[in-house]
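# Give me a 3D structure for the following:
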Amino acid sequence: MKVAFVGLGVMGFPMAGHLAKAGHEVSVFNRSPAKASAWAEKFGGRAGATVGEAVAGCEIVCLCVGNDDDVRQVLGEALSAMSEGGVVVDHTTASAKLAREAAEQARATGRWFVDAPVSGGQAGAENGQLTVMAGGDEEAVERVRPVIGAYSKAIQRIGGPGSGQLAKMVNQICIAGVVQGLAEGLHFARHAELDIELVIAAISRGAAQSWQMENRWKTMSEGKYDFGFAVDWMRKDLGLTLDEARRNGSSLQLTALIDQFYAELQQMGGRRWDTSSLLARLD
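Sure, this is the predicted structure:
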């Protein structure tokens, strides 16, 4: 299909690359033109000088940008330029309110909008193993499923517009709690003078096992945090989550507390550290 990808950061660059490798006709746009040119040189697609130029005539337009305002700006340029009846797939982690507004905006122009935040991080994007939580009309989700499957291992439609973003909030709530628990467990083990490698070998075979434990215990123990999903990004996501919780009446006491722990890490200079750096705060 004729597909455009807007936003070539650490996630978008490889995601768009998988689309090109899958045989789609891909054009890209990035606010820094050098990144778009580098992508086109590597994957053989086309770099647009503007959003409108990149998405012109495209059946599917994928976004992976920074925040709600970025999404609004792209939509303002993309909807009228893309193919009529086309689908915008937004992989940005943004608010559910924005997703619902964008779906109405797209529908008014004869297009579709699917909010489709992802989980799996940079490694998942590079390996084409992302998990996608989709919100939107079933027809639109089914239409884009085989395309975004180029970089996804699982695509689950949660419900109508905004529900993908709400599911991503659940994802971040759960991750925050698990990482804080792992940080405190490793902190305790160190103070108890235990062999951490032996402890992990034992408990990772039981109910305490998690992706975070499997993939982060060693780097946490070694104090290595210069990679992965940045604290700044997690705070943005948790901010969206806590805003939504205030709207729907949820009580997220632990999530609010961990958000403040991440604020302390920012003050320590850890804005770009991986989210597993919660242990650095305890140390």
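# Strand partners (parallel or antiparallel) of the strand ranked longest in the chain?
Longest strand in the chain, counting residues (DSSP state E): strand 152-159. Strand pairing for strand 152-159, using DSSP bridges, gives strand 130-135 (parallel).
# which residues are contacting whatever helix or strand comes next after the partner strand?
Note on strand 130-135: by DSSP states H and E, the next helix or strand toward the C-terminus is helix 138-148. Here helix 138-148 makes contact (CB atoms under 8 Å, 6 or more residues apart in numbering) with 1, 3, 19, 22, 24, 60, 62, 87, 89, 112-114, 116, 132, 134, 155, 157. C-betas here are computed from N, CA, C, even on glycine.
# tell me how far the longest strand of the chain is from the chain's mean position?
13 Å (CA atoms, centre = their mean, to the nearest Å).
# follow-up on the earlier one: now intersect the contacts of helix 138-148 with the strands, please.
Per DSSP E, the subset of the contacts of helix 138-148 in strands is 3, 60, 62, 87, 89, 112-114, 132, 134, 155, 157.
# Going by distance to F227, which of the residues you listed wins?
Using CB to CB, V132 is the member of these that lies nearest F227, at 22.8 Å.
# beta partners of the closest one?
With DSSP bridges as the criterion, V132 is bridged to V118, I155.
# centroid residue for this structure?
What sits nearest the mean C-alpha location of the chain, by CA atoms, centre = their mean, is V118, with 4.3 Å.
# Could you check how far the residue in the chain sticking out farthest from the centre is from A38?
Here the chain reaches farthest from its C-alpha mean at E193, the gap being 37.2 Å by CA atoms, centre = their mean. Between E193 and A38 the computed distance is 49 Å (CB to CB, to the nearest Å).
# cool, and K2?
Applying CB to CB, the value for K2 to A38 is 22 Å.
# now do R100
Separation of R100 from A38 (CB to CB): 35 Å.
# And these two? Which one has more around it.
R100 (18 against 15; other CB atoms under 10 Å).
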